[in-house]
Structure formats: C-alpha cells, structure tokens
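**Student:** Sequence below, structure please.
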Amino acid sequence: MRTITITLLILLSIVAYSQKKVKVTEGSEKFSVGRVDVMVANIYEADKKYVEKAWKKLMKRYSGKVTSKSEIVATDVIIKRMMGDKRVDVYAMVKDGPDGTVLISVAMDLGGAFLSKSSHPEKYKEAKAILKDFAVEVSKEAVREQINDQEKILGKFQNEQEKLEKENENLKKSIEDYKQKIKDAEQAIVENGKAQEQKKKEVEDQRKIVIGLSEKERAIE
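**Tutor:** Numbers count the residues shown, from 1 in each chain. Okay, the predicted model is just below:
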C-alpha cells in the first residue's frame, strides 16, 4: 500500500511539470556515407549513452547487425510494416540537444536511395511513426527509472522516519514507566518511614524487656 502511495505522489508531481512533446522533423546529417536526409527526434530525460543503447536494442529487434563508433550502423534491418521482407541499412547519430534533451538523427538507405519525405511519402510516414514511438518510449522509460530510484530513496527516508517515530514512542513510554517507578518509590518511602517508626517502637519495647530481665537477674542474691 505504501509503495502505491509513493508512486502516486511521484506521478502527481510529474504531472505538475509542463508537457514535453516529442517531435520528429526532417533534416540532413553527415555520416560515413556522406551528407544524407535524416529524421530527427528529440528525447527527454535520457543521456546519450542511454539513447544509444536503446537504439541498438531496437535495431537488433529488427534483425539488424549493429556496429558503432562515431555513428550507429545497423545493416540488413527488416522492418516489415515499412519495407516488407526487403532489408535496409539504418544510420543513426546521437547528440546532446538544447535544454537537456538528446537528439537522434536517423537515415535509412532503402537500397540506392536514402529515405526522404518527398521521394517516399508512405515509407517516410511509417519510419517517422517508428522513430516517434521510440523517442516517446525511451523518454518515458528514463523517467520510470528515475521514479524507481527516487522511490527507493523515499522508502529509505520513510523507514528512517518510522524508526524515529517508534523511538520517540519508546522514549515516551520509558518516561511514563520512570514516572510510575518514581511514584511507586515515593509511596514505598512513606511506607518505609512508617515501618521504621513501628520498628523503633518494637526495638524500644524489646530493650525495656531486656533491661527489666537484667535487673531481675541482678536482684537475685
């Protein structure tokens, strides 16, 4: 129940932030094969390494053979919804963007020509949708990991708070116990005083008996 509450609190705080919209735009980028048309997507809350790792994973899911140095190259990629069984080569480059974003530029060699909106409108539409879905999911996944990390910290703080509250209750109980012990001791002191008075009287009476007997003894001649 506590975990659900933590998650809801974090999600509500995230909603308070202004909406961040992922966009895919046209552009051009210089790769090892030259300057070509690309699609560029902005990604939030993730760093370059995170995005590069996620992109390689996606390309491998499309059966691509992935290599990377200054750019990520995936060869023999099969994207059925876009190209059927025809294989394509996909080039990607990840860079730091403005305001803490990351930009991924993607070019697709369809076999003799690189994908462009003007020359391949239908294929471009599918590729754009794939790239946008990727950028949105990576952005969300990065936030989910942040939530998970912060939940752990929050859980730790809550455990510490609960420990302090329990310690406080124990201290209060100890004080009450000590108060009762003091009260009992004070009552015992009163009773002890009365007992001492009684015992003094008994001692004095007994001393008189002893003295009387001693005198009786001396009186015998």
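**Student:** CA only for contacts and neighbour counts going forward, please
**Tutor:** Fine.
**Student:** Strands of the protein, residue ranges please.
**Tutor:** Using DSSP state E, the strands of the chain run over 24-31, 34-43, 65-68, 72-78, 87-96, 102-109.
**Student:** Tell me where the chain is predicted with low confidence.
**Tutor:** Within the chain, the ranges that satisfy pLDDT under 70 run 1-18.
**Student:** Could you point out the longest helix of it?
**Tutor:** Across the chain, the longest stretch assigned as helix under DSSP state H is helix 121-219.
**Student:** so Ser63 sits right up against Val77, yeah?
**Tutor:** Yes. Ser63 lies in contact with Val77 (CA atoms under 8 Å); the separation is 5.6 Å.
**Student:** re earlier: which one of the strands of the chain is the most hemmed in?
**Tutor:** Between the strands of the chain, strand 102-109 has the highest mean count of neighbours, a mean of 23, where neighbours are mean count of other CA atoms under 10 Å.
**Student:** Contacts for it, please.
**Tutor:** 29, 36-44, 46-48, 51, 88-97, 114-115 (CA atoms under 8 Å, 6 or more residues apart in numbering).
**Student:** repeat that with 7 Å
**Tutor:** 37-44, 47-48, 88-97, 114-115 (CA atoms under 7 Å, 6 or more residues apart in numbering).
**Student:** can you check stretch 68-78 too?
**Tutor:** Residues contacting stretch 68-78 (CA under 7 Å, 6+ apart): 59, 62-67, 85-93.
**Student:** Of all pairs in those, which one spans the longest distance?
**Tutor:** Within those, two members stand farthest from each other by CA to CA: Asp85 and Met93, at 25.1 Å.
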